[in-house]
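Asks: Got a predicted model here, sequence first, then my questions.
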Amino acid sequence: MSRKYRVLVVGMGKRGTHHALAFQANNRFEVAAVCDIDPARLDAAASRFGGIRGRDALQVASAVKPDVFCFCTLPHLRSEMVRIGIQSGARLMAFEKPVALTSREGMKIRNMLLAAGVKAVVSHQHRYGEHYRKVKEIIASGALGRVHTVYATASGWMTHMLSHLIDYMRWYNGNTEAQWVMAQAAGDGKLSDLHPSPDYIGGFIQFANGVRGIVECGAGAPDVPEVDYWWRKCRVGAQGTDGFAEVLTGGGWRVVSKSGATSGGGCMNYDLDMPPYIQDMADWLDDDRKVHPCNFENAYAGFAIMMALCRSAVGGGQVALPLTDAADEIQMLKAYLVGRKVLASTPVNAKEYGLLDAVSKRVA
Ligand SMILES: NC(=O)c1ccc[n+]([C@@H]2O[C@H](COP(=O)([O-])OP(=O)(O)OC[C@H]3O[C@@H](n4cnc5c(N)ncnc54)[C@H](O)[C@@H]3O)[C@@H](O)[C@H]2O)c1
């Protein structure tokens, strides 16, 4: 067997722990070091995974010189970690969605990775779910005829969920590039969240193959009544001349086509989705031709669509892709959304977006 790839995981919160567990369980990887600025989290991680430990990512990375630099910090910390990973000589960078919070940061990361020639993957791992893969299989089989529309909705807010939605819409549309987008947004409550986002954003995407993308994310998105767990109220699908197929993140899949209606199970599950996501990293490290499905270039294309949607929401009209100039879309949204209140589509959305007080005041 080939040698084990040595991994440093930085940011031992929820997702860092998921990653470390999945690396540890795969015999192609060894968790060589863990890092967190929080001493309690670092202690807990070090006793669980062993290896070198430290609170300073640069120091740990310089000491360990990992093959894989994995970081799972919150979205405001990205280019700094990529810089440290490149400096440490890592061959592959594994990090969390969203790629960044602004196009300025996203472009910087892309330029650094391209200049260093380092492989990178971004964790859009829902696609490994059996229900997500089933819908992809149905679309690829031609059962829907000519696909003309891909669509997605989520109740959660943009920097948590939109990155996922766009990634899977692009996948269902053969990763075709987008030419332009047009969008609207409302509500500034979640702009002060650690995942800063408009409370609601929705828009259209024109893909180069003529397929229309329709996406909605946040307080105004429609309910997915088939799913109980709020964060998994996501619907992603494709419509064609002969039918449609869709996946619900927390509730299986369905297809209606010329051969009738069929459905099946499946639910987003980190324990099931992480192992193949991690294995694909080993395969890509072993063989340049086995490019990881969650490779950075794919993630960046989706990220650029998200940033373009923000620009359209703020500036109006259509925004052409690819983006050529850098901007700070979160600051743009902060300035634009003041006083533009959001209306929730369900009582639970009203609660999650802190709108219940406003509703009860109106009723009283
Ligand atoms: N792919 C998915 O399904 C999925 C699900 C949840 C969250 N996420 C993403 O994962 C990322 C992390 O989310 P989380 O829920 O794990 O967050 P978290 O708050 O649980 O963990 C982040 C950790 O990073 C540590 N940290 C912060 N700054 C650091 C630094 N400079 N050096 C080292 N450690 C540092 C914090 O102390 C914390 O332990 C976010 O970008 C989030 O959007 C992805």
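Replies: Structure received.
Asks: Which part of this protein gets nearest to the ligand, residue-wise?
Replies: residue 13 (1.9 Å; CB to the nearest ligand atom). All C-beta atoms are positioned from the backbone trio N, CA, C, and that covers glycine.
Asks: Contact partners for that residue?
Replies: 36, 41, 72 (CB atoms under 8 Å, 6 or more residues apart in numbering).
Asks: Then residue 14?
Replies: The neighbours of residue 14, taking CB under 8 Å, 6+ apart as the test, are residue 72.
Asks: And the residue of the chain closest to the ligand, how far from residue 260?
Replies: 45 Å (CB to CB, to the nearest Å).
Asks: Then residue 341?
Replies: Taking CB to CB, one finds residue 341 at 44 Å from residue 260.
Asks: which residues of this structure score low on pLDDT?
Replies: 1, 357-364 (pLDDT under 70).
Asks: got the residues of it near the ligand?
Replies: Contact residues, the chain versus the ligand (CB under 6 Å from any ligand atom): 10-16, 35-38, 41, 57, 72-75, 77, 96-97, 123, 125, 160, 195.
Asks: Now with 5 Å, please.
Replies: Contact residues, the chain versus the ligand (CB under 5 Å from any ligand atom): 10-11, 13-15, 36-38, 41, 57, 72-73, 75, 96, 123.
Asks: Cross the residues you listed against helices and list the overlap.
Replies: Among the residues of the chain next to the ligand, DSSP state H puts 14, 15, 41, 57 in helices.
Asks: So which of those wins on neighbours?
Replies: residue 57 (24 neighbours; other CB atoms under 10 Å).
Asks: Tell me how many other residues surround the residue lying closest to it once chain neighbours are set aside.
Replies: Once flanking residues are discounted, residue 57 sits nearest to residue 10: 4.8 Å by CB to CB, 6 or more residues apart in numbering. Neighbour count for residue 10, taken as other CB under 10 Å: 28.
Asks: Surely residue 10 and residue 69 touch.
Replies: Yes. Between residue 10 and residue 69 there is a contact at 7.5 Å, judged by CB atoms under 8 Å.
Asks: Dump the longest helix along the chain to CSV, keeping only the CA atoms.
Replies: If you go by DSSP H, the chain has its longest helix at helix 296-315. Extracted C-alpha coordinates of helix 296-315, given in CSV (Å, rounded to 0.1, in the frame of the first residue of the first chain):
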residue,chain,number,x,y,z
PHE,A,296,-11.7,24.3,-5.8
GLU,A,297,-12.4,25.4,-9.4
ASN,A,298,-15.9,24.0,-9.2
ALA,A,299,-16.5,25.6,-5.8
TYR,A,300,-15.1,28.9,-7.1
ALA,A,301,-17.5,28.9,-10.0
GLY,A,302,-20.4,28.5,-7.6
PHE,A,303,-19.0,31.1,-5.3
ALA,A,304,-18.7,33.6,-8.1
ILE,A,305,-22.4,33.0,-8.9
MET,A,306,-23.3,33.7,-5.2
MET,A,307,-21.3,37.0,-5.3
ALA,A,308,-22.9,38.0,-8.6
LEU,A,309,-26.3,37.4,-7.1
CYS,A,310,-25.4,39.7,-4.2
ARG,A,311,-24.2,42.4,-6.6
SER,A,312,-27.4,42.2,-8.6
ALA,A,313,-29.5,42.4,-5.5
VAL,A,314,-27.7,45.6,-4.5
GLY,A,315,-27.2,47.3,-7.8
